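[1] Just need the structure, nothing else, for what follows:
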Amino acid sequence: MKMISSPSGNDAAWRRLSALVLMLAVMLGGSGALAREGHASRLVVFVHGIFGTIDSTFRAEGQRLGWPEITDADPLFDDADIRTFQFESTLNPSSSRIIDIAKLMKTELEAEDIDILGYNDVVFVAHSLGGIVVRQYLVNESKLEGRGVLAGGRIKGLYLLGTPMNGAGIANLGSEFFNSPTLFELNESHDPNAFLNRLRADWIDAKLGTEIPSDCIHETKGEVTFEVLGFELWSAEPADRESVEALCNIGLSGFPENHSGLVKPTGQGDYRHNRFQQFFLGLFPDADDAMGDDEIVLARCEASKFGDGVTYQLAQELDLKSLKYHYSRYLPKDWPAGGPLGMVFRQTAPKVVVLHFSCFQQGPETETGIAEGARDFNRFLADLATNEGIKLVIYSRADPADITSMMTMANRQALIDTRRLEFVPLRYKVPATQDQIDFAMSKIEGFLKSGASGQ
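    Residues are numbered from 1 along each chain as shown. Prediction:
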């Protein structure tokens, strides 16, 4: 963290302290329990971050419902109980150590009103420090005879948002001012005996990374500006990309939000909630049976995460326009002929599929790699073309003519000549500009208004 304006002497130190307190407030995270009547077979547990409550962490300003309540009302989670775990963390010397918070988590989750051991499948959704607490809890369980809550493969996945497994620079600065054990344990350090270094080593030694899928989200708008006593203060992101990525074994996605905004969806249509839906469906494909059909599908791809940032921007725009959409399941790196379009559609085909051109591109842009990507791209187009009513919007930094040259004659005939295909050349550096997003939206909305011929 640094100050734009840098006064000297005691005033400078005091303002530094004020800035730190405000910056730590960004990392809010506390309690309550939410569950349906009866007992589902699955359990989703929301865990907040440092210095806050469940409400302040997961509920957007001006919204009546927080993320746990939004999830509870979502039909995708009909066979899941939704619970929350709260712990106390302060700037005081009496603040709990993370290992003690993890012990409290065990006590509360095994209490009679929750009984985590009674569920077949458990998923954790955790923000910032909460993800570290979850990992410590599971490391503790791995050392128990019979392996405690880990027995039977009960823990199906971790969905972690802004969790700094390598530490946070803001915590190092905070430790200069506050004697808080919780804050000190979040420090970045090269000491192998430092808390986070030991926790990562324990996680690897217990082979938890091979058992438990961990999907991670980092903020791309990490810079937060505050004004204190007329001075403008600028801060770096509380949890940087490299720190969040540590121990993740599914992937790393960036949301165009700051640290606290990662976990504040405003409803079931919000792209942040949709992204969690996608993770949940990857774990439990049968849950999709409860979902209805949407007019628009935003394709997600194993091979290329390059377009994710723009995909999320498009999702935000669709939210603003109240247009129904869902993410596809992750399309495989290699698309087989007659591929599984069920990964894209639900019960019926959508009107529009939005796809990043590099969806099937693997590895470096060598001649061989490009040819392989083109092969899978054409197979996907051929399968999609069998559904006459579907329109396809492809966005890319590439020139449309270059993309067209990679298409087979059959695909050009089936899609271009019938005007069911639109190219959106976005020569962007993520994030895309608003003009570029507006251009892509005009193509999507044009298809929604048109008939099956795309005229």
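
[2] quick one: L320 and I437, what's the gap?
    L320 is 11 Å from I437, where distance means C-beta to C-beta, to the nearest Å. For glycine as for every other residue, the C-beta is placed from the backbone atoms N, C-alpha and C.

[3] domains for this structure, by residue range?
    By the assignment in automatic domain parsing, the chain contains the domains 2-271, 293-449.

[4] Out of those, flag the one nearest G282.
    In terms of C-beta to C-beta, the element of the domains of the chain nearest to G282 is domain 293-449, at 6.5 Å.

[5] how about the domains of the chain in a markdown table, adding mean neighbour count and distance to A287?
    Converted to a markdown table, these look like this (neighbours: other C-beta atoms under 10 Å; distance: least, C-beta to C-beta, whole Å):
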| stretch | mean neighbour count | distance to A287 |
| --- | --- | --- |
| domain 2-271 | 19 | 5 |
| domain 293-449 | 18 | 11 |
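
[6] Out of the ones you listed, the one nearest F280 is which?
    Nearest of those (C-beta to C-beta): domain 2-271, 6.6 Å.

[7] Work out the gap between the closest one and the centre of the chain.
    Put simply, domain 2-271 sits 13 Å off its chain's centre (C-alpha atoms, centre = their mean, to the nearest Å).

[8] Any chance of the domains of the chain in TSV with mean pLDDT and distance to F279 as columns?
    Output for these, formatted as TSV (pLDDT from 0 to 100; distance: least, C-beta to C-beta, whole Å):
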stretch	mean pLDDT	distance to F279
domain 2-271	78	5
domain 293-449	83	10
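
[9] Reformat the ones you listed into JSON lines and put distance to F284 next to each item.
    Shown next, in JSON lines, are the domains of the chain (distance: least, C-beta to C-beta, whole Å):
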{"stretch": "domain 2-271", "distance to F284": "7"}
{"stretch": "domain 293-449", "distance to F284": "11"}
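
[10] Are we agreed that A126 is in a strand?
    Yes. Assessed with DSSP: H, G, I helix; E, B strand; the rest coil, A126 lies in a strand.

[11] which residue packs closest to it, ignoring adjacent ones?
    Distance criterion C-beta to C-beta, 6 or more residues apart in numbering; nearest residue to A126, sequence neighbours excluded, is V47 at 4.1 Å.

[12] check contacts around G446.
    Each residue near G446 by C-beta atoms under 8 Å, 6 or more residues apart in numbering is listed here: E422.

[13] nope, Y395 is what I was after
    Applying C-beta under 8 Å, 6+ apart to Y395 gives the contacts G307, V310, V354, L355, H356, F357, F423, V424, P425, L426, A440.

[14] can you check F124 too?
    V44, V45, V47, G131, V134, I155, G157, L158, Y159, L160 are the contacts of F124 under C-beta under 8 Å, 6+ apart.

[15] And for the helix or strand where the last one lies, what's in contact with it?
    Taking DSSP states H and E as the definition, L160 sits inside strand 155-161. Under the contact criterion C-beta under 8 Å, 6+ apart, strand 155-161 has outside partners 121-128, 131, 134-135, 138, 149, 211-217, 244, 248, 255, 262-263, 276, 279, 283-284.
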